[in-house]
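[1] got a structure for you, letters missing:
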């Protein structure tokens, strides 16, 4: 591909999601413990309570927690809840794929993201936001020049660049907090890949570094927690490979807890995150924009309880 596609400004492009629609992270609400106690100890009620309790125990006891999030998680506005837990040392690793990273940086840059795909495709403008492509090109320059992973490179671009809403970015806040990040790219699946100045070698190199970081983290998950939040294929597959490598190296993972939270049940998350790995696997089905804020409240409540009643 030699011809550079014509682009439009992200600031002028119609977007379905704007920052005004995003959620916020509230402290534990009065009486939330009573709500938790009122849930039945059956199926999802039991599993929700177990997941929240394990996450809080990991936070208080310094055990690792990783979250792999899909693009829809960013678009429905629950990043504030994850950022709050990240900054309270209750979340040590973040992973996403190319689409998740694109929505994250677009919100940080313009306070808006998510195209009307059918309308943009018909107009010949789908995936043609110029600023989005430029950020990826600069991030890939960092991958080559600084020898870092793609997640860190994108996070640094947002953190150090002129991004008006950078506080909304999971990638930037992860870099700021010194957390490892992984952006795992499947070539040909992201809008930026159609642009000829996207360096495929750097894309693969940065993503491979991130996959290796994910594998190193997975090997530490004995007694910890891994949550797959809204990724149906790429991140469950990467996690399973991390488990395979960890077990091959002799890592003990029998005390690990895994969980899948998504709107519907998919084959790969169910098999690769819940059923096949060692340890205990949970699955909660529901809308991210409801489940994540509820889980955030529950984790904060449990942290406060474990720390002696102080605000979590």
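    Great, that's in hand. Keep in mind it's a predicted model, so treat the numbers as computed, not measured. Numbers count the residues shown, from 1 in each chain.
[2] do a quick rundown of the strands in the chain.
    17-18, 65-69, 93-97, 112-113, 181-184, 225-229, 257-262, 280-285 (DSSP state E).
[3] other residues contacting the first one?
    For strand 17-18, the surrounding residues in contact (C-beta atoms under 8 Å, 6 or more residues apart in numbering) are 75, 76, 77, 103, 107, 111, 112, 113, 114. For every residue, glycine as well, the C-beta is placed using N, CA and C.
[4] also stretch 126-137?
    With contacts defined as C-beta under 8 Å, 6+ apart, stretch 126-137 is touched by 5-11, 13, 102, 105-106, 109-110, 115, 117, 120, 154, 157-158, 161, 191-192, 194-195, 197-199.
[5] just stretch 150-164 next, same as before
    Residues contacting stretch 150-164 (C-beta under 8 Å, 6+ apart): 94-96, 101, 104-105, 108-111, 135-136, 138-140, 142-143, 146, 148, 166, 169, 171-172, 174-176, 180-183, 185, 203, 206-207, 209-210, 213.
[6] on that earlier part again, what would the strands of the chain look like in CSV with distance to residue 55 and mean pLDDT?
    Output for those, formatted as CSV (distance: least, C-beta to C-beta, whole Å; pLDDT from 0 to 100):
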stretch, distance to residue 55, mean pLDDT
strand 17-18, 27, 84
strand 65-69, 6, 98
strand 93-97, 13, 98
strand 112-113, 27, 83
strand 181-184, 19, 97
strand 225-229, 6, 98
strand 257-262, 9, 98
strand 280-285, 11, 98
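[7] in a markdown table, list those along with mean neighbour count.
    A markdown table is the format used below for the strands of the chain (neighbours: other C-beta atoms under 10 Å):
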| stretch | mean neighbour count |
| --- | --- |
| strand 17-18 | 16 |
| strand 65-69 | 25 |
| strand 93-97 | 27 |
| strand 112-113 | 23 |
| strand 181-184 | 26 |
| strand 225-229 | 26 |
| strand 257-262 | 25 |
| strand 280-285 | 18 |
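[8] quick check: which of the ones you listed is nearest to residue 304?
    Proximity to residue 304 (C-beta to C-beta) singles out strand 65-69 among these, at 17.2 Å.
[9] would TSV of the strands of the chain with distance to residue 249 be doable?
    Below are those laid out as TSV (distance: least, C-beta to C-beta, whole Å):
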stretch	distance to residue 249
strand 17-18	41
strand 65-69	18
strand 93-97	18
strand 112-113	39
strand 181-184	19
strand 225-229	17
strand 257-262	19
strand 280-285	21
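[10] out of those, which is closest to residue 308?
    When those are compared by C-beta to C-beta, strand 65-69 sits nearest residue 308, at 21.2 Å.
[11] mind checking which of the contacts of stretch 150-164 are buried?
    Neighbour counting over the contacts of stretch 150-164 (16 or more other C-beta atoms under 10 Å) leaves 94-96, 101, 104-105, 108-111, 135-136, 139-140, 142-143, 148, 166, 169, 171-172, 174-176, 180-183, 185, 203, 206-207, 209-210, 213 as the buried ones.
[12] next up, the contacts around the spatially most central residue of the chain.
    Central residue of the chain (C-alpha atoms, centre = their mean): residue 69, 3.0 Å from the mean position. By C-beta under 8 Å, 6+ apart, the contact list for residue 69 reads 82, 94, 95, 96, 100, 170, 229, 230, 231, 235.
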